[in-house]
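J.: model this:
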Amino acid sequence: MQLTCPCCQARFPIEAALTDDAARQAVAAALRLPHGLGPLILRYMGLFRPEKRALSWERAARLLTELAGAIEAGEVTRHGRAWPAPHEYWRTALEQLLARSDKLTRPLRSHAYLYEVVAGLAAKAEGQQEAKAESDRGYRYNRASGGLQPARAHIDRARGQAEAAKLKRALKR
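T.: Got it, this is the predicted structure:
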């Protein structure tokens, strides 16, 4: 396979580019990434590049290997807890992070911010699942008490309040 240099337009075999061990490791790690995440991850890797230098092959290989491992594991550990991290979370987190890239301090030093976004997506999904499960069990969150109450009690209390309001209006007349 022939590659073309983006600077001088010279053509050369891919084997010549991969004579560096770190370059081979980076390419191998990139090839382990799930289908569809590649373009997002390449843009994400640009956030690690120092302003006046190229990203070294050693650093690129280490970053890609770490990220590929986390994506393959399907989970992220943040603050002592393992959060599920399916491919959809990674895609969403990368898209969100790239959309806010102008607000980030560059170069990034680690994947910590990306992992936080993935963990946040997992926490949000978990909260939605818990709310649905409680709703299915007949409970409803009460903001006033800060806790769950049976849905029936909530309905009865609302009816009682409506009847009390009707009674007050009738007494005022």
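
J.: now do the helices in this protein.
T.: Along the chain, the stretches classed as helices by DSSP state H are 14-17, 21-32, 38-45, 57-73, 87-99, 112-136, 151-172.

J.: His79 is nearest to which of those helices?
T.: Closest of those to His79 is helix 112-136, at 7.9 Å (criterion: CB to CB). Where you see a C-beta, it was placed from the backbone N, CA and C, and this is true even at glycine.

J.: please name every helix or strand in contact with that closest one.
T.: Judged by 3 or more CB pairs under 8 Å, 6 or more residues apart in numbering; DSSP states H and E, the packing partners of helix 112-136 are strand 75-78, strand 81-84, helix 87-99, strand 139-142.

J.: hey, what's Arg81 bridged with?
T.: Beta bridges link Arg81 to Arg78, judged by DSSP bridges.

J.: as JSON lines, the helices and strands packed on helix 112-136 with mean neighbour count would be great.
T.: Output for the helices and strands packed on helix 112-136, formatted as JSON lines (neighbours: other CB atoms under 10 Å):
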{"stretch": "strand 75-78", "mean neighbour count": "18"}
{"stretch": "strand 81-84", "mean neighbour count": "14"}
{"stretch": "helix 87-99", "mean neighbour count": "17"}
{"stretch": "strand 139-142", "mean neighbour count": "15"}
